[in-house]
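A.B. asks: got a sequence here, can you build the structure:
(chains A and B)
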2 protein chains.
Amino acid sequence: MRERVNKALHSLIETELEHGAGEVAREAGRILNAGGKRLRPLLLLLAYQLAGGQDESKVMPLALGFELIHTATLVHDDINDNALERRGIPTIHTQFGQAKAVIAGDWLFVQGFSLAARQSEEVVDIIARSCANMAVSEFLQLDHVHNLATSPEDYLAIVRGKTAGPFAAGCHAAGLTAGLPPDQALGLERFGMELGIAFQLVDDLLDLRGDERMGKPRGADVYEGKMTLPLIHALTLSHGPHRQRLANLIETFSDEHFDELMALLNRSDSMEYAEILVRTHLERARSELDKFPDSQAKEVLLLITDFVMQRHT
Amino acid sequence: MRERVNKALHSLIETELEHGAGEVAREAGRILNAGGKRLRPLLLLLAYQLAGGQDESKVMPLALGFELIHTATLVHDDINDNALERRGIPTIHTQFGQAKAVIAGDWLFVQGFSLAARQSEEVVDIIARSCANMAVSEFLQLDHVHNLATSPEDYLAIVRGKTAGPFAAGCHAAGLTAGLPPDQALGLERFGMELGIAFQLVDDLLDLRGDERMGKPRGADVYEGKMTLPLIHALTLSHGPHRQRLANLIETFSDEHFDELMALLNRSDSMEYAEILVRTHLERARSELDKFPDSQAKEVLLLITDFVMQRHT
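C.D. replies: Numbers count the residues shown, from 1 in each chain, chains lettered A, B, ... in the order given. I've put the predicted structure just below:
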């Protein structure tokens, strides 16, 4: 299935190059085709099958659209984060400058939207709403950089908009495309949302634990001042000199303080707390799947929830 | 008509704010509602009427979509050009940083596309193609910065993609929305393309002549290394020490050399050459209008071609 997605993305870029899109398609295509888990399009295809959809070609444009829009946000995020690499290759702004990276991201957005726009008005609304919420949440996230007063609610609002929202919108849209009644399609939306929250929590844990699969150095989030849940939890539970020290570490983080930071996080069981939340959200995701009849797609979706669980262990 | 466009844009932002879009809608809305000629939406509404369209509400979302997408490209261009002001107010990146400006531009894109996506598949294709071409042309333009070998054909390819293409796509889409047969809708596309080329040529002339309506200092294009037609024409016609001096001036431009630059441009009648091209393209635009029956919309569109002509005199 991933092969089919990769092939379709390749041929989309080839077609654009044949139509004279030139350098922008080449550079954007380089990032698009450099790999990636393709989690979003796979989820959409599986959700479509789970919902009883029979004709993959009906949902494939939507699945590709989500991957294109996702890649667009990565290109733009990488500019803002000054990231050097993405999917194991140099970022566009590093190689070709910021101006081209901004435009290449825009081009990917356009390609993604033009695929998504071929759907029903209902589905277009869902996608547009989810993309707008991504931007809203990125603003929120920027406003909370190095903000020690960030609450768990702030954190969840950001995650719901930025990571989990697109998962939810994709599954919701796939269900509707398969002809599911609105209430059952909303079940798929909840599945996507819960899975997406768990996915982001695991990303946050891996950033602190270190994992070469992340494609970025350990602690990158802490360096960038991103207030992830383990940090928020630890700040909430710590007192006196421990909290003071934790606050200092977050505000002026550098590599040699990693062990000290982890010790403070473990003092308040903050890593474990995030792990418990991962399990809770994955269980909720699974319970949404349980409402659907058994199928191969259901088995694979359950495997994906297992995979998310295992990533952090 | 402009009032109706402005009102609709205002209420779009208000609705987004009511739905919790918060700061991103506020900042993007500030630039959107700071003014601007609204040339693109007005052209669309007029082209729709010219084509016999009776129900403005059918074409308004498309007209607003074009203005939102146009504003998105302005926000992103301003980052890349380090522009301090837009529409008389500080740019987003100057006030709130580059990261928020990139995202605010993305948000405007999303809003624009979601309006445009409510149209027929044919119209969505036209819009998507035109937006993709904008990105392709901006890459071309970046590759030709300070490139003294830029040919008039390179220049026209950039202008067709970046400025004139969206004019053409908008008029084309408006014609189809009004129910025009494909060949007549293509006449409107040619009208938009010719008008757009003339419009960009006038912008280039005004940059050299200086005009406070431009909202940027005289010679900004030359500073940025943008190869506009008067420069390209003068470089092509000049020889020996004059060409050498012109090349030096373009490569290392500063304010005190303005008179010398203008003298060199006038030596090869390059300003006049660009003016003649403005007239040629406006005449072609008018001849496309002549194929439509007389109407109030036609009169206003003819007035707009007059207005473009007069801007540079």
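A.B. asks: only C-alpha atoms from now on, for both contacts and neighbour counts.
C.D. replies: Noted.
A.B. asks: mind checking the SS state of the closest residue to residue A:127 other than its chain neighbours?
C.D. replies: Spatial nearest neighbour of residue A:127, chain neighbours left out: residue A:169 (6.3 Å); criterion: CA to CA, 6 or more residues apart in numbering or on different chains. Under DSSP: H, G, I helix; E, B strand; the rest coil, residue A:169 falls in the helix class.
A.B. asks: can you check residue A:40 too?
C.D. replies: Residue A:40 ends up helix, using three-state DSSP.
A.B. asks: please name the residues that touch it.
C.D. replies: By CA atoms under 8 Å, 6 or more residues apart in numbering or on different chains, the contact list for residue A:40 reads A:63, A:66, A:67, A:167, A:170.
A.B. asks: how close does the residue nearest to residue A:127 sit to chain B?
C.D. replies: According to CA to the nearest CA, to the nearest Å, residue A:169 and chain B sit 15 Å apart.
A.B. asks: hmm, residue A:194 and that residue touching each other?
C.D. replies: No - here residue A:169 does not reach residue A:194: they are 11.9 Å apart, not a contact under CA atoms under 8 Å.
A.B. asks: what do the two both touch?
C.D. replies: With CA under 8 Å, 6+ apart, residue A:169 and residue A:194 have no common neighbours.
A.B. asks: ok, whatever residue of the stretch 201-313 of chain A ends up closest to chain B - how many residues close by?
C.D. replies: For the stretch 201-313 of chain A and chain B, the shortest gap (CA to the nearest CA) falls at residue A:224, measuring 12.8 Å. Neighbours of residue A:224 under the rule other CA atoms under 10 Å in any protein chain shown: 15.
A.B. asks: go on, residue A:153?
C.D. replies: 10.
A.B. asks: assumed it was part of a helix.
C.D. replies: Yes - counting by three-state DSSP, residue A:153 falls inside a helix.
A.B. asks: returning to what we had before: which residues touch the residue nearest to residue A:127?
C.D. replies: Applying CA under 8 Å, 6+ apart, the residues near residue A:169 are A:126, A:127, A:130, A:189, A:192.
A.B. asks: chain B: which of the residues you listed is nearest?
C.D. replies: residue A:127 (8.5 Å).
A.B. asks: helix or strand: which one has the closest residue to residue A:33 other than its chain neighbours?
C.D. replies: Ranked by CA to CA, 6+ apart and with sequence neighbours excluded, the top spatial neighbour of residue A:33 is residue A:10, at 6.6 Å. Using DSSP states H and E, residue A:10 sits within helix A:2-18.
A.B. asks: burial of residue A:137, as a residue count?
C.D. replies: 27.
A.B. asks: tell me the pLDDT at the residue nearest to residue A:127?
C.D. replies: pLDDT for residue A:169: 98.
A.B. asks: where are the low-confidence patches of chain A?
C.D. replies: A:212-216, A:312-313 (pLDDT under 70).
A.B. asks: how is it partitioned into domains?
C.D. replies: Here the domain parsing of chain A from automatic domain parsing is A:1-118, A:121-313.
A.B. asks: okay, the contacts of residue A:40 in TSV with neighbour count next?
C.D. replies: Output for those, formatted as TSV (neighbours: other CA atoms under 10 Å in any protein chain shown):
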residue	neighbour count
A:63	29
A:66	27
A:67	24
A:167	31
A:170	31
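A.B. asks: count the neighbours of whatever residue of the stretch 151-300 of chain A ends up closest to chain B for me.
C.D. replies: Scanning the stretch 151-300 of chain A for the residue nearest chain B gives residue A:161, at 10.9 Å (criterion: CA to the nearest CA). By other CA under 10 Å, 25 other residues sit near residue A:161.
A.B. asks: OK, contacts around it?
C.D. replies: Residue A:161 touches A:130, A:133, A:134, A:136, A:137, counting by CA under 8 Å, 6+ apart.
A.B. asks: returning to what we had before: how about the domains of chain A, which one is nearest residue B:272?
C.D. replies: Nearest to residue B:272, of all the domains of chain A, is domain A:1-118, at 32.5 Å by CA to CA.
A.B. asks: can you get me the start-to-end distance on the closest one?
C.D. replies: Domain A:1-118 has its terminal residues 22 Å apart, counting by CA to CA, to the nearest Å.
A.B. asks: hmm, residue A:277 is touching residue A:198, no?
C.D. replies: Yes - between residue A:277 and residue A:198 a contact is recorded at 7.4 Å, counting by CA under 8 Å.
A.B. asks: now whatever residue of the stretch 101-250 of chain A ends up closest to chain B. Nearest residue, chain neighbours left out?
C.D. replies: As assessed by CA to the nearest CA, chain B sits closest to residue A:117 within the stretch 101-250 of chain A, at 5.1 Å. Nearest non-adjacent residue to residue A:117, counting by CA to CA, 6+ apart: residue B:117, 5.1 Å away.
A.B. asks: for residue A:138, same thing?
C.D. replies: residue A:162 (6.7 Å).
A.B. asks: hmm, the one you found is touching residue A:133, no?
C.D. replies: Yes - applying CA under 8 Å, one finds residue A:162 in contact with residue A:133, separated by 7.1 Å.
A.B. asks: other SSEs contacting the helix or strand hosting residue A:302?
C.D. replies: Under the criterion of DSSP H and E, residue A:302 resides in helix A:296-311. Judged by 3 or more CA pairs under 8 Å, 6 or more residues apart in numbering or on different chains; DSSP states H and E, helix A:296-311 is in contact with helix A:39-50, helix A:182-209, helix A:270-290.
A.B. asks: residue A:192: neighbouring residues, count only.
C.D. replies: Neighbours of residue A:192 using other CA under 10 Å come to 28.
A.B. asks: on that earlier part again, dihedrals phi and psi, the residue of the stretch 201-313 of chain A closest to chain B?
C.D. replies: Torsion angles at residue A:224 (phi, psi; degrees, to the nearest 10) stand at phi -80, psi 0.
A.B. asks: kindly report the same for the one 3 residues further on.
C.D. replies: For residue A:227, the backbone dihedrals are phi -90, psi 90 (criterion: degrees, to the nearest 10).
A.B. asks: coming back round to it: quick check: the residue nearest to residue A:127 vs residue B:280, distance?
C.D. replies: 50 Å.
A.B. asks: picking up where we left off before, ok, the residue nearest to residue A:33 - how many residues close by?
C.D. replies: Neighbours of residue A:10 (other CA under 10 Å): 15.
A.B. asks: that one and residue A:281: what is the separation?
C.D. replies: In terms of CA to CA, residue A:10 sits 34 Å off from residue A:281.
A.B. asks: in the stretch 51-200 of chain A, mark out all the strands, start to finish.
C.D. replies: With strands called from DSSP state E, counting those that start in this stretch, the stretch 51-200 of chain A shows them at A:85-86, A:89-90.
A.B. asks: so which of the ones you listed is the most packed in?
C.D. replies: Most buried of the strands of the stretch 51-200 of chain A, by mean neighbour count (mean count of other CA atoms under 10 Å in any protein chain shown): strand A:85-86, with a mean of 18.
A.B. asks: tell me what it is packed against?
C.D. replies: Secondary elements touching strand A:85-86 (3+ CA pairs under 8 Å, 6+ apart): none.
A.B. asks: in its sheet, what does it sit against?
C.D. replies: strand A:89-90 (antiparallel) (DSSP bridges).
A.B. asks: neighbouring contacts of the partner strand?
C.D. replies: Contacts for strand A:89-90 (CA under 8 Å, 6+ apart): A:31, A:34, A:84.
A.B. asks: hang on, residue A:250 packs against residue A:224?
C.D. replies: No - counting by CA under 8 Å, residue A:250 does not reach residue A:224; the two are 9.6 Å apart.
A.B. asks: out of the helices and strands packed on helix A:296-311, deepest packed?
C.D. replies: By mean count of other CA under 10 Å, the helices and strands packed on helix A:296-311 have helix A:39-50 as the most buried, with a mean of 24.
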